[in-house]
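Colleague: Structure for the following, please:
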Amino acid sequence: MLTVGVDLAAESARTALASVEWDTKRAAITELIHGVGDDVILAALAPAGKAGIDCPLGWPEAFVDFIADHRVGHVTIPAGLTGQQWRRRLAWRLTDEAVRAETGLIPLSVAADRIGHAAMRCAGLLEELARRGQPVDRCGNGVVVEVYPAASLKQWGLPHRGYKQSRNAQALQALIDDLLAAAPWLDLGPYENLCRSSHDAADAVIAALTARAAQQGLTTRPDGRQEPAARSEGWIALPTSPLRQLP
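Modeller: Have a look, this model is predicted:
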């Protein structure tokens, strides 16, 4: 069984992809690439049982409505909300607020941060996947599930802050040490040095592990109240079990 993780950036140079092959007791990275174009991503996703993409799969419904209203000159601040409260509803999705409540982490706003550029690229990838006949569901029911590596790490009790700072390379080294200690069944093979030198590559591996958790039903899912918004906005899958349950 194969899972794929993609740390998606707006451009290929900062995008990383990991493929992980699973058996009953072990998992091994079979591919880890830094600097990945759309064609490579689409080819890797074709045989995958599940793929975790570290990128918003949609925009807040309130933000989409706001843009449509603004285009025709009919923006109205809802009664009973301050300007700050209203802007927060525009900036963050329902899943972002769920992650904040569960983990204390605040995902980047796809409506108000630079990650929106990556989301535009992601939208094109999802459309092409659907055109090729692969099921796409922003709730995570299809081949793709949205992931947030920092939140996955926190849920697994691993270091989740500081490892992306170039001035603190030791934090990334410590993260990989702790990951291998918590998951002795994971074989990084010839890609260990890349994991230790590139946080993009490390995040791609975490995305592939989270995809495995989602594949096994070991991540959060939107409930009946949340699902309508999640189908449009996307849903971040948070691990709900220890790493040791993945193989």
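Colleague: got the CA coordinates for stretch 163-170 in CSV?
Modeller: As requested, the backbone C-alpha atoms of stretch 163-170 are provided in CSV (Å, rounded to 0.1, in the frame of the first residue of the first chain):
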residue,chain,number,x,y,z
TYR,A,163,12.3,23.3,12.8
LYS,A,164,11.5,25.5,9.8
GLN,A,165,13.9,28.3,10.9
SER,A,166,17.1,28.2,9.0
ARG,A,167,19.1,29.6,11.9
ASN,A,168,18.0,26.7,14.0
ALA,A,169,19.0,23.6,12.0
GLN,A,170,19.4,21.6,15.2
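Colleague: per-domain residue ranges of the protein.
Modeller: With domains defined by automatic domain parsing, the chain comprises 2-58+106-245, 60-92.
Colleague: End to end on the longest one, go ahead and measure it.
Modeller: Meaning domain 2-58+106-245. In terms of CA to CA, to the nearest Å, the two terminal residues of domain 2-58+106-245 are separated by 16 Å.
Colleague: Check stretch 45-54 too.
Modeller: 14 Å.
Colleague: Give the rounded mean pLDDT of that stretch.
Modeller: Average pLDDT, stretch 45-54: 97.
Colleague: outside of it, which residues touch it?
Modeller: Residues outside stretch 45-54 that contact it (CB atoms under 8 Å, 6 or more residues apart in numbering) are 1-8, 19, 44, 122, 125, 129, 132, 134, 143-149, 203-204, 207-212, 214-215, 237. C-beta coordinates here come from the backbone N, C-alpha and C atoms, glycine included.
Colleague: And stretch 154-170, by the same measure?
Modeller: For stretch 154-170, the surrounding residues in contact (CB under 8 Å, 6+ apart) are 103, 105, 150-151, 153, 171-172, 174-175, 178-179, 182, 197, 199, 202, 238-240, 242-243.
Colleague: what separates residue 204 from residue 35, distance-wise?
Modeller: With distances defined as CB to CB, to the nearest Å, the gap from residue 204 to residue 35 amounts to 12 Å.
Colleague: higher neighbour count, those two?
Modeller: Set side by side, residue 204 and residue 35 show more neighbours around residue 204, with 35 against 14, by other CB atoms under 10 Å.
Colleague: Next up, phi/psi of residue 229, please.
Modeller: The main-chain torsion angles of residue 229 are listed as degrees, to the nearest 10 and equal phi -70, psi -40.
Colleague: Next, show the common contact partners of residue 204 and residue 35.
Modeller: Counting by CB under 8 Å, 6+ apart, the contacts common to residue 204 and residue 35 are residue 16.
Colleague: Who are the packing partners of the helix or strand of the chain with the lowest mean pLDDT?
Modeller: Within the chain, judged by mean pLDDT, DSSP states H and E, the helix or strand with the poorest mean is helix 83-91; its value is a mean of 89. Under the contact criterion of 3 or more CB pairs under 8 Å, 6 or more residues apart in numbering; DSSP states H and E, helix 83-91 touches helix 61-71.
Colleague: Give me the neighbour count for residue 18.
Modeller: Residues within reach of residue 18, counting by other CB under 10 Å, total 31.
Colleague: which SS state does the residue nearest to it when sequence neighbours are not counted fall under?
Modeller: In space, and not counting its chain neighbours, residue 18 is closest to residue 204: 4.0 Å by CB to CB, 6 or more residues apart in numbering. Residue 204 falls in the helix class when you classify it by DSSP: H, G, I helix; E, B strand; the rest coil.
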